[in-house]
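Enquirer: below are the sequence and a predicted model for it; my questions follow.
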Amino acid sequence: MNKLTIENLTKTYPNGVKALDNVSLEIENGMFGLLGPNGAGKSSLMRTLATLQEADSGTVMLNDINVFEQPTELRKNLGYLPQEFGVYPQITAYELLDHLAILKGISNSKERKELVSYLLNKVNLYEKRNKSVKEFSGGMKQRIGIAQALIGNPNLIIVDEPTAGLDPSERNRFYNLLADVSEDVIVVLSTHIVDDVRELCTKMAIMDLGKIVFHGAPQEAIDSLDGKVYQKLVRRDELEEYANSFSIISNKMVGGQPLIHVLSETDLGGDFELVKPNLEDVFFSNINTENTLV
Amino acid sequence: MFKTLFISELKSSLKRPMVYIFTFVLTAIIFGITATDVSIGGGVGNVYKNSPYTITSLTLAMVLFGILGATAFFNKAALKDYDNMFNEIIFSTQVSKRGYFFGRFFAALILSSIPFLGVFIGISLGSIYGPLFGWTSEDQYGDFHFMAYVNSFLLFVLPNMFIVGSIIFALAMKWKKTSISFIGVLAIIVIYFVTQTLTSDLDNETIAALLDTFGNKAYDNYTKYFTAVERNTINPSLVGIILYNRLIWVSVGIIILLSSYFSFSFKQVSKKTKSKKEELITNKEFLLPSVNSSFNFNGTFLQFKSFFKINFNNIFKSTTFRVLVVFSFVLLISTLVGGFEYYGLKSYPVTYKMMNAITGSVIIFIIIILVFYSGELVWRDRDNKINEVIDSTAHNSLISLLAKTISLIALASIVYIFATVIGIVYQLGFAYFRIELGVYLFNFMLDTLPRFIIMSSFMIFIQVISSNKYLGYFISIILIFGTNIIKAILHINTRMLSLGSIPSISYSDLNSFGPGVYGAVWFNIYWMLFALLTLILAGAMWNRGVATPLFAKIKNAWKSSTKQYKTVFYTVLVLWMITGSFVYYNTQVLNPYDNSDTVENGQVEYEQKYKKHEKAVLPKIIDIKYFIDIFPEERNVSVKAKLTLKNESNTKIDSLFFNTSDKWVAKFDIPDSKVVLDDEDLGFKIFKFNNALKPGDTLSIKLNTEYKTKGFPNGTGSTNVIKNGTFIRNSQILPSFGYNSSVELSDRHKRKEHGLPTKERMPKLDSTNTKALMANYLTNGVSDYINAETVISTSSDQIAIAPGSLIKQWKEGDRNYYKYKVDHKSQNFYSFISGRYEIATRKWNDVDIEVYYDKKHSANIEMMMDAVGRSLEYYTKNFGTYYHKQCRIIEFPKYSTFAQAFPGTMPYSESFGFIIDLEDEKENNIIDAVIAHEMSHQWWAHQVIGANMQGSTMMSESFAEYSSLMTLKSTTENPMKMREFLKYNHDQYLRGRGSETKKELPLYKVENQQYIHYKKGSVVLYALQDYIGEDKVNLAMKEFLDEYKYKLPPYPTSLDFLKHLEPKVPDSLKYLINDWFKEITLYDNRLVEAKYTKLENGKYKVTIDVESFKVKADSLGNQTDVATNDWIDIGAFADKDEDKLIYQKRVKIDKPKMTFSFDLDTIPAKVAIDPRHLLIDRVYKDNIKVVEEK
């Protein structure tokens, strides 16, 4: 069983933005979802875990490896897919993965060949292995990125917004792949898509403004809102009014009319309809504490 | 619309710092040049540092710099909407195509030209502040020439920026890629350099002037014969060759711009949409293999290999790289094919020529490649957004940087090696089969490869510590090109501070890589350790993950480095410091040198302290015996000399004065005397006799000197005392006698700065100055014609040669000994040589002709002996006896390019004749000319020599040139061939006038000025023999020689020669002596019109209108027309090539405009005034015209 321990991680950028604000987490084998809106500090956290950025204070331990003091050791155990994954021009998919496999210490050429072929097949790019990656579509590039993150038996796989740009079937394949490997290793998945976490993760955290605002199992979170979420279709010009009187978690358009979700300890009655809370409600209720219209 | 866009574009760019930075840098450079003693741009001597000529030259020199700015502005103007993805928005507005296109273009044109205001500001400020702060003296500046700035701006800046801009703009519009624009700029520069190589021969001058994109050559051509006064007063204007050049290139620019305009469209060319292919789902099954991650040495090596492969391929496959390589090869090939050597002759493609050509044309491109791709490689991961993945793998940063560095080195080496292959193919194509692969390889390993290693490592380091690529480029370029300028400004000489600098190891067939090798090895070690050190530092500072500022990088490097890593760093640091100490010890302690400031101050001090001894009476050397031991392998020489001195004056002599040197350490054995002054710093020593030397007394003294090579110096080391081809002169190996006025500072401005009185270059021509007449200009009164004997020894594999007949030869131990004795009393002016030589011999009457040459250089030996024989033939017949029993030509290595006449011997440089290809040459045989010239010095300089005053070199150098021309003439049937040869002399004389730093003098008062005594002297004497007859001139020279031959002082002056010449000149031509010898006279002849008509008798009547002015110039080049009353030839050519002169008549021209006619049997192709180019005429071309039917 692997264990990733994050303690009191803090990082303030020179421009004063607090990207990480006393973040502490403990993560074990399995898929861990890190949910948060854009700019919440997810990528900063991910980069810090991937030894690509120093924190101002705090520690990160993977098992007995201190990430800040032994970055090389951590890198030996790491698979990382950054938010933006680019490729070299003038290089084929196979060459790129082969190069990365070498960097990840796969020195035996036969093993490396099998591994690269296996991964290319897994991400459905085996037939295109000798094509220049530069010509690949965004989704195909992303799949290469996923393949490289799996090279070399990592104990810790960090994937930052991995499904951006993937079509639904590609997304499914990707999740299956992650699920396959996540039994024995830690997979940290950052995303702003609630469904990703719901479908995959056993544990999750929600981040906002550099802070962990929720940490636990998705179902626990949903359960905690049980009987407290109401919804109602309203007119657009009424929105303001509702926002003042109720704590609106979210609103979205349904058939051209706003459908609002409201958090309430008491039964609201009237046209409000009690609904079964979902993860989205959890997400918004955690980050939308100001109850502003979003 | 145009106006709006133009103005908005200008405004937005003027808000950015770029244009100001360019202007500032340019101003600073120009200010530096103008306000200090840097002699760039032609503001030297009598030419003011703010003259129209200097202004224009500096403007032109800055054009290459200006292209940098132009590239940036035009490329940006064309691409900024695309780069910002704003194009679709702007093109969907109401903007007109014309307004958009030209608005942007002309705004960029203005922006690119603005920095050139720096020339105006820099020169204006420089001419005020230079003298104000005492950096320069006020008389180096003339009046303010506003129109020179305006004209050079309008003639050169705007058109050049327009041409460059139109090309860049068109490329950018078409390809939308910065790299293509960059290649375009390089193409312009390559073309520019190719046209520059064309001009090494006179015949191509006009073509080159027209082809030069920037008009540089056109301006050069226009001003080539300008005198100082003209340079100081004439503003550049749109005339002649400049007009044609500008017309051609501005038209080219307009055509490019218009075609770009018409093919430009707002509509997007639809990008190639790739057909989406159905993705194949494979049925293949792969099993996840069980893999092992291992991070051991093998793995690290694999990582290195993989990094290397990726980096290497990335560059190798890129278009920019390939285009750069093609450019460099184009330049190389044009250098190889077009490289003329001397008087239109080519040399054999010997290895060192090839290596020079390769280095000269390819290295600059390799530097561009290294600078450009060091940035690309370092920033590539980030630019391609793959850095986070790569950075988070467990590789060592140093491995990645090492791979980048080594891929750069590998690519540079491949380009270089390929260029070498081109060189070898060229050699083979020339049917030259002495391919010295070992030499190429050695040169590559010792000179080229280390340079690549050092530059690559250092530039990778620069990029690693820079916060972005462009800053890195900027720093790299500053370091590569700026270091030497900064060092020069700060008067720092040590190589230890200029990155990668090593002593020259220029290859010679005689002496291999020469004296610099030992130092080069150590400097290379020093620099390579430094390079490694920077790489290790870079490895520690390499930014993994999020970019951090430099300060954080340093902090992080310290924190994150392992103990092991630090140990490696410290080990290399210590090794580097040890090497550095060793280099320092050798270059500063063992072989100290003075920087230019110390030298200058030393000169000043020497003059101030010891000038008072200048007039001291010295005894003369009347006999000298040398004992010289040369140790070629150790590069040591020991000299013992026994001198017999005699007081030939009529006063007592109580002191002896010597100039000593710290290279040739001297021991003095002067009986009955004591040292009263020993100034080691300035090298001056005075001995005082206990009993003064009375008139007529003689005295024997011994002078012993030792030259020892110790370690290696900062420079290349002595190129005189070497392993093969040691060549030393007597003046060098012994301390010289008396106050040496040639040490004095000669630059008139510098003298003024140091508060020294003005110095005349030479004593005035004055036949009553009896004191000056007692010394000749060669030995300066220390001796007259004396006997000399030499015993010289060298190693067993070498031959040692001293002047005179070989009396005895023996072996002692494993050394060869020779005893030579000069057959006839001669000037105390000797050379001593030792080398491994082949000897060719031939007899001419009783004289032994001997050529000592390197066995690889046998090609021209027979020709050389022929030339010696021919010279002996002509000179003995026309001038008199040859007094030596031998004539030796001795080859010495190519470190200098000259031949020189010593009594009976002629050291002759390897590069000056031995390797010139004369197989197909029937004309312009340079070997014949040089040998005939040097041979005639056995008469003109060694039998008779002028007093040490103005005009004396006429009787040696002008006479030698004349004699040489006469031997040439005696073998040349067609007189037109002589014109072919003499045109170079005309050209060099006229050019020489322009670069005169003091004053031009008439021939009979020449002050050792080469363009006068060689070039004008030969032209004038050649014309003279044509006017009064060869036999008359020869007779005058012979009579003069007979009067003064080997005669004790007083020595003759040019007036003594003129006394012999004047009676030989018929009265009708007496004016020539005045015009040609005593004054500076030029001719301005022109053929205005030429017509022919057929006569009834079948003949053709040719009528020509000629114009002729005679021009008199003063010493600064002020010229005035005077009335012509001269005899000048007119003539007609049968052919267009002016090869067959079918008619010639000398006519009296006494009016500025005259008409002549004559009858011919055939229609001539051309007619001419002065058809054989006897007279000095700044524009000779207009003397000849094609004849038309009336």
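Expert: Alright, I've got the coordinates.
Enquirer: let's test this: mean pLDDT of stretch B:576-591, rounded?
Expert: When pLDDT is averaged along stretch B:576-591, the result is 96.
Enquirer: can you give me the strands for the stretch 501-650 of chain B?
Expert: Under the criterion DSSP state E, counting those that start in this stretch, the stretch 501-650 of chain B contains strands at B:620-631, B:636-646.
Enquirer: how about these in TSV, adding distance to B:K688 and mean neighbour count?
Expert: All C-beta spots, glycine's among them, are computed from the backbone N, C-alpha and C. Conversion of the strands of the stretch 501-650 of chain B to TSV gives the following (distance: least, C-beta to C-beta, whole Å; neighbours: other C-beta atoms under 10 Å in any protein chain shown):
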stretch	distance to B:K688	mean neighbour count
strand B:620-631	19	20
strand B:636-646	15	19
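Enquirer: turn those strands into TSV, including distance to chain A and mean pLDDT.
Expert: Converted to TSV, these look like this (distance: least, C-beta to the nearest C-beta, whole Å; pLDDT from 0 to 100):
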stretch	distance to chain A	mean pLDDT
strand B:620-631	58	96
strand B:636-646	57	96
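Enquirer: so how far is the helix or strand harbouring B:M147 off the chain centroid?
Expert: For B:M147, the element it lies in under DSSP states H and E is helix B:146-152. Put simply, helix B:146-152 sits 30 Å off its chain's centre (C-alpha atoms, centre = their mean, to the nearest Å).
Enquirer: list the buried residues for it?
Expert: Buried residues in helix B:146-152, defined by neighbour count with 16 or more other C-beta atoms under 10 Å in any protein chain shown: B:A148, B:Y149, B:N151, B:S152.
Enquirer: these two touch, right, the last one and B:P236?
Expert: The one in question is B:S152. Yes: B:S152 lies in contact with B:P236 (C-beta atoms under 8 Å); the separation is 5.4 Å.
Enquirer: any residues in contact with both of these two?
Expert: Among the neighbours of B:S152, those also in contact with B:P236 (C-beta atoms under 8 Å, 6 or more residues apart in numbering or on different chains) are B:T56.
Enquirer: burial measure for B:K3, as a count.
Expert: B:K3: 9 surrounding residues under other C-beta atoms under 10 Å in any protein chain shown.
Enquirer: which strands and helices lie in contact with the helix or strand encompassing it?
Expert: Using DSSP H and E, B:K3 maps to helix B:2-14. Packed against helix B:2-14 by the contact rule (3 or more C-beta pairs under 8 Å, 6 or more residues apart in numbering or on different chains; DSSP states H and E) you find helix B:97-113.
Enquirer: any chance you could list what contacts the helix it packs on?
Expert: Against helix B:97-113 from outside (C-beta under 8 Å, 6+ apart): B:1-7, B:9-10, B:13-14, B:19, B:66, B:69-70, B:73-74, B:76-78, B:90, B:153, B:157-158, B:161-162, B:164-166, B:169, B:257, B:261, B:264-266.
Enquirer: helix or strand with the lowest mean pLDDT in chain B?
Expert: Sorting the helices and strands of chain B by mean pLDDT, DSSP states H and E puts helix B:87-91 at the bottom, at a mean of 64.
Enquirer: hey, where'd the helices end up in the stretch 51-200 of chain A?
Expert: Listed in chain order, the helices of the stretch 51-200 of chain A (DSSP state H, counting those that start in this stretch) span A:71-76, A:93-103, A:109-122, A:138-149, A:168-181, A:194-200.
Enquirer: select, out of those, the one closest to A:L209.
Expert: Minimum separation from A:L209 across the helices of the stretch 51-200 of chain A (C-beta to C-beta) falls at helix A:194-200, 18.3 Å.
Enquirer: returning to that earlier point: what residues of the helix holding B:K3 count as buried?
Expert: Within helix B:2-14, the residues that qualify as buried are B:F2, B:L5, B:F6, B:E9, B:L10, B:S13, counting by 16+ other C-beta under 10 Å.
Enquirer: B:S970: how many residues sit nearby?
Expert: 12.
Enquirer: tell me which residue of the stretch 51-200 of chain A lies closest to chain B.
Expert: In the stretch 51-200 of chain A, the residue that lies nearest chain B is A:L52 (2.6 Å; C-beta to the nearest C-beta).
Enquirer: not counting its neighbours along the chain, what's nearest that residue?
Expert: The shortest distance from A:L52 to any residue other than its chain neighbours is 2.6 Å, reached at B:G545 (C-beta to C-beta, 6 or more residues apart in numbering or on different chains).
Enquirer: all good on my end, thank you.
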